[in-house]
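Q: Based on what follows, work out the 3D shape:
(chains A and B)
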Amino acid sequence: MKRFFVIAMLAVVGYYLTASLTHIPFGVNRIGTPSEEATVSGYYLNNTKEKSQVANVVTAIVVNYRGFDTLGEVTVLFLATTGLASILFRRKEDDEEHERINKPSSSLLQTGSKFLFPLVVLLGIYVFIHGHLTPGGGFQGGAIIATGFLLMLIAYQKYHVGHAMLTWVESLAGITFVTIGIWGLLTGGSFLDNSYFPAGTLNSLISGGAIPIIYIAVGFKVGAELTGVLDILLNTKEDKPKLSK
Amino acid sequence: MSFDYQNIVTISVYGSAIALILIGIYAILIKKNLIKIVIGMSIVDAGIHLLFVAIGYINNGTAPIFSPGNENRVLDMVDPIPQALVLTAIVIGFATTAVALALVIRLYKHHGSASVDNIKSLKW
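A: Presented below is the predicted three-dimensional model:
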């Protein structure tokens, strides 16, 4: 009965979604001709190259034009990590008798992940250093680094990421981001205005002013935060749940 | 409506986005297991991201990157704003999923079950 109501409701929702999407043709250029800059996208596409010398327009939007939004986004990620830690927090003394129940992994997996771990971290660092030149950036690179740590956490039961180290990396990266923003305020612009940095030349590693620095900071921050989330979730001790019935 | 190439692409892209959204809502409303409800939320996320990026697409468009040799191709670049917004939305989706899973773990430990039927404090 409930299923019938839900399906009827979903049919109504699907009908209206479809009906509204029929007015939005797929693949049509909605930006307008770039010369007249009819839309925000047209402005971004026209001005990114000359003004900030960044090859990747998406990076320019995320870090430069919408930099404040990205600062908020990083804050949300930080809050999620903190919330996760506070929800799953256990006091030390009632953890003594539990270990992670899984069997120790095979030596093939252990050797393989020891071999892959530096390469995965290197790939992550490559992705966020080249965030302004290639499709990639701080969030993607940070996620790749966290994948490397996940490999180590799964392969080695005793492997533990130092929480002090994670906190330091995270805080320093956040402080770098905010300092660059405040420096823009002090040098006469607005918050996160990075036009005081030399712009560099298009398509070289040092280009785009402060954008690569901010994205590197974001990469370290996201990598540390995601690693913290994985570490907390994996090291939550399994105790026998007491039945509520 | 004729079934030429353009229409087939339109229907498949928009159709899969709408299908993902509806499947996710169905999972949220019908499933009893809390983990499956969280998975449903993630599926709705994926559908919305697909819809966003699809709306920004331009036929035969390139990625909005001025890679070497492409410095002057502004005309056929796809819309960069939906891609930037989806980048934000993916991260926020990850954060909400992580917190929801932590709450599910807590509930499972407290009640011994991840089914909404067995968690009496959810009923009122």
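
Q: How far does the helix ranked longest in chain B sit from its chain's centre?
A: Once chain B is assigned using DSSP state H, the helix that runs over the most residues is helix B:80-111. Once both centres are worked out by CA atoms, centre = their mean, to the nearest Å, helix B:80-111 turns out to sit 11 Å from its chain's centre.

Q: can you pull the contacts of the nearest residue to A:G137 once chain neighbours are set aside?
A: In space, not counting the residues next to it along the chain, A:G137 is nearest to A:G131; the distance is 3.5 Å by CB to CB, 6 or more residues apart in numbering or on different chains. All C-beta spots, glycine's among them, are computed from the backbone N, C-alpha and C. Taking CB atoms under 8 Å, 6 or more residues apart in numbering or on different chains, we find A:G131 in contact with A:N56, A:T59, A:G137, A:G138, A:Q140, A:G141, A:P212, A:Y215, A:G219.

Q: Identify, from those, the entry nearest to B:K31.
A: Within the contacts of A:G131, distances to B:K31 taken as CB to CB reach their minimum at A:Q140, with 30.9 Å.

Q: Now do the helices in chain A.
A: Assigned by DSSP H, chain A shows helices spanning A:2-21, A:40-47, A:57-59, A:67-87, A:107-129, A:138-155, A:163-186, A:211-234.

Q: Report the buried residues of the second one.
A: Residues of helix A:40-47 classed as buried: A:S41, A:G42, A:Y44, A:L45, A:N46 (neighbour count, 16 or more other CB atoms under 10 Å in any protein chain shown).

Q: next one: phi and psi at the residue nearest to A:G137?
A: Note on A:G131: its backbone torsions stand at phi -60, psi -20 [degrees, to the nearest 10].

Q: How much space separates it from A:G138?
A: Shown here: A:G131 relative to A:G138, a distance of 6 Å by CB to CB, to the nearest Å.

Q: Residues in contact with both of these two, list them for me.
A: Both A:G131 and A:G138 are in contact with A:Y215, A:G219, where contact means CB under 8 Å, 6+ apart.

Q: on that earlier part again, most tightly surrounded among the helices of chain A?
A: For the helices of chain A, average neighbour numbers computed from mean count of other CB atoms under 10 Å in any protein chain shown are highest in helix A:57-59, which has a mean of 29.

Q: circling back to that earlier point, I'd like the buried residues of helix A:40-47 written out as TSV, with pLDDT and distance to B:P64 added.
A: Formatted as TSV, the entries for these read as follows, by pLDDT from 0 to 100; distance: CB to CB, whole Å:
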residue	pLDDT	distance to B:P64
A:S41	83	9
A:G42	82	12
A:Y44	85	8
A:L45	83	7
A:N46	81	12
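
Q: For residue 40, which non-adjacent residue is closest in space?
A: No chain specified, so I'll use chain A. With sequence-adjacent residues excluded and distances taken as CB to CB, 6+ apart, A:V40 is closest to B:I81, at 6.5 Å.

Q: switch to chain B, that's the one I care about
A: The nearest residue in space to B:G40 (CB to CB, 6+ apart) is B:A27, at 3.0 Å.

Q: my guess is that neighbour is in a helix, correct?
A: Yes: in this structure, B:A27 lies within a helix as judged by DSSP: H, G, I helix; E, B strand; the rest coil.

Q: For chain B, give me the ranges with low pLDDT.
A: By pLDDT under 70, the weakly predicted segments of chain B are B:1-2, B:73-74, B:124.

Q: same deal with chain A?
A: In the predicted model, chain A carries pLDDT under 70 at residues A:32-37, A:90-102, A:237-245.

Q: what do you get if the cut-off is 50, keeping everything else the same?
A: Counting by pLDDT under 50, chain A contains low-confidence ranges at A:93, A:96-98, A:244-245.

Q: Which residue would you name as the spatial centre of it?
A: Computing the C-alpha centroid of chain A and ranking residues by CA atoms, centre = their mean puts A:F139 first, at 2.9 Å.

Q: Without its sequence neighbours, what residue ends up closest to A:L79?
A: With CB to CB, 6+ apart as the criterion, A:L79 has its nearest non-adjacent residue at 7.6 Å, and that residue is B:A95.

Q: so what's the one you found up against?
A: A:V76, A:L77, A:L79, A:A80.

Q: so how far is A:I145 from the residue nearest to the centre of chain A?
A: Between A:F139 and A:I145 the distance, using CB to CB, works out to 11 Å.

Q: any residues in contact with both of those two?
A: The contact sets of A:F139 and A:I145 overlap at A:G219 (CB under 8 Å, 6+ apart).

Q: Ignoring the adjacent residues along the chain, who's closest to the residue nearest the centre of chain B?
A: Centroid-nearest residue in chain B, with CA atoms, centre = their mean: B:A46, separated by 1.6 Å. Distance criterion CB to CB, 6+ apart; nearest residue to B:A46, sequence neighbours excluded, is B:L20 at 5.5 Å.

Q: thought that neighbour was touching B:G47?
A: Yes: between B:L20 and B:G47 there is a contact under CB atoms under 8 Å: 3.0 Å.

Q: Next up, the contacts around the residue located most distally from the centre of chain B.
A: Among the C-alpha atoms of chain B, the one most distant from their mean position (CA atoms, centre = their mean) is that of B:G69, at 33.8 Å. Contacts for B:G69 (CB under 8 Å, 6+ apart) come out as none.

Q: so which strand or helix has it?
A: Under the criterion of DSSP states H and E, B:G69 resides outside all helices and strands.
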